[in-house]
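K.L.:
Fold the following for me, if possible:
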Amino acid sequence: MASSFHFAVANLLLFFVLACSQMVPHGHYCNPHSSIPAGSPVSANIKNVLAAMTRASQLENLFSGFSSGVGANTVYGLANCRGDLNIRQYCIPCIQDAVQQIQKICLGKSDAQIWYDYCIVRYSRENFFGTFDGSRLATIRNPADYRDPPSLFSRLGPLFRNIINRVVDPANTGMVKAQTVLPSGVTLYGGALCTRDLRPVGCTLCLYTAVRHFDSFCKPKQGCRVFLSSCFVRYEIYRFTASLDAGFKKIPGQAIEKLIGDEFGQAKQHPAKLESVSLLLVYKVLGA
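P.N.:
Residues are numbered from 1 along each chain as shown. Purely as a prediction, here's the structure:
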């Protein structure tokens, strides 16, 4: 009995080690204009918010948002997991790793964000809840080109119109995925999500803004992922699952290229209340 128990515990520990080792951030943002001194009230509030995120994830919350402090020292933070994966296997380890990494990578900064395949963690002294910042961008793509780019990109429009309509449905609780068949017979897979603080109109604008980057960053690649501050879109020519995502670099032809871009905190956040003309512009990207 004892040996069986120890074996089970060893397997459980190995599982969490492997899960954590597979958590590789795809990008991060440290606002260079948000420096704070060590030991400041803001620094303490950042730690409070990140600790609260970790506790919330352990209670199997896919989304959590917190604030800590008063006045100018207040820090706001959120953590968001994909929701289509096993929470304990992927969400909890992802948020725990994100919290650890963002404190190391963005040490001394009060405005930071980190993106993973499974989760997003963000904090700032600005109350960003319900808004998205289109200047924050992380993109990874498959360096291999698809042999018929026009047919690939002609299918992306209808595929993502379908996906986005489902993502913004208030009944949706996680990442939405869909697929279509290309003229070559290859199946094209797509997926998207928004952080849960965004209302439908803000989510829609964020997603269409992200999809616009397919044209500039992803052509003619056979796989691409675009992360903005509050949403995430991706397409691949293979069925993406947690196990494949974790082994992304090991899949034949799936070595990745990373593109990180931002406006160093100078771009404005976009409120969820939007003028209709803005939505019309982004809808044109997909031929809606």
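K.L.:
Buried ones in stretch 195-203, by neighbour count?
P.N.:
195-198, 201-203 (16 or more other CB atoms under 10 Å). Any C-beta I mention is one placed from the backbone N, CA and C, and that applies to glycine too.
K.L.:
Looking at those residues, which are in helices?
P.N.:
Among the buried residues of stretch 195-203, the members found in helices (DSSP state H) are 201-203.
K.L.:
With distance to Arg136 and pLDDT added, can I get the residues you listed in TSV?
P.N.:
TSV is the format used below for these (distance: CB to CB, whole Å; pLDDT from 0 to 100):
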residue	distance to Arg136	pLDDT
Val201	19	92
Gly202	15	92
Cys203	16	93
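K.L.:
Please identify the one among those that lies nearest to Gly71.
P.N.:
For Gly71, the nearest member of those is Gly202. The distance, counting by CB to CB, is 26.5 Å.
K.L.:
these two touch, right, the closest one and Phe129?
P.N.:
No - taking CB atoms under 8 Å as the definition, Gly202 is not a contact partner of Phe129, at 10.5 Å.
K.L.:
nearest to Leu59, of the ones in helices among the buried residues of stretch 195-203?
P.N.:
When those are compared for distance to Leu59, the smallest value, 24.6 Å, is given by Cys203; criterion: CB to CB.
K.L.:
ok, now which ones touch the closest one?
P.N.:
Listed by CB atoms under 8 Å, 6 or more residues apart in numbering, the contact set of Cys203 reads 167-168, 194, 230-231.
K.L.:
Leaving aside the residues adjacent along the chain, what's closest to Ser184?
P.N.:
Nearest-residue entry for Ser184: Asp148, 6.3 Å, with adjacent residues in sequence omitted and distances by CB to CB, 6 or more residues apart in numbering.
K.L.:
related to what we said a few turns ago, what would the ones in helices among the buried residues of stretch 195-203 look like in a markdown table with distance to Gln103?
P.N.:
Shown next, in a markdown table, are these (distance: CB to CB, whole Å):
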| residue | distance to Gln103 |
| --- | --- |
| Val201 | 33 |
| Gly202 | 28 |
| Cys203 | 28 |
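K.L.:
So which of the residues you listed is the closest to Trp115?
P.N.:
Sorting those by distance to Trp115 puts Cys203 at the head of the list, at 16.9 Å, by CB to CB.
K.L.:
how much space is there between the closest one and Asp145?
P.N.:
For Cys203, the distance to Asp145 under the criterion CB to CB, to the nearest Å works out to 31 Å.
K.L.:
Spell out the residue ranges of the helices in the protein.
P.N.:
For the chain, the helices identified by DSSP H occupy 2-21, 41-58, 92-105, 149-167, 200-213, 242-246, 276-283, in order along the chain.
K.L.:
Would you mind measuring from the nearest residue to Ser34 once chain neighbours are set aside to Ile164?
P.N.:
Spatial nearest neighbour of Ser34, chain neighbours left out: Asp111 (3.8 Å); criterion: CB to CB, 6+ apart. Distance of Asp111 to Ile164, given as CB to CB: 28 Å.
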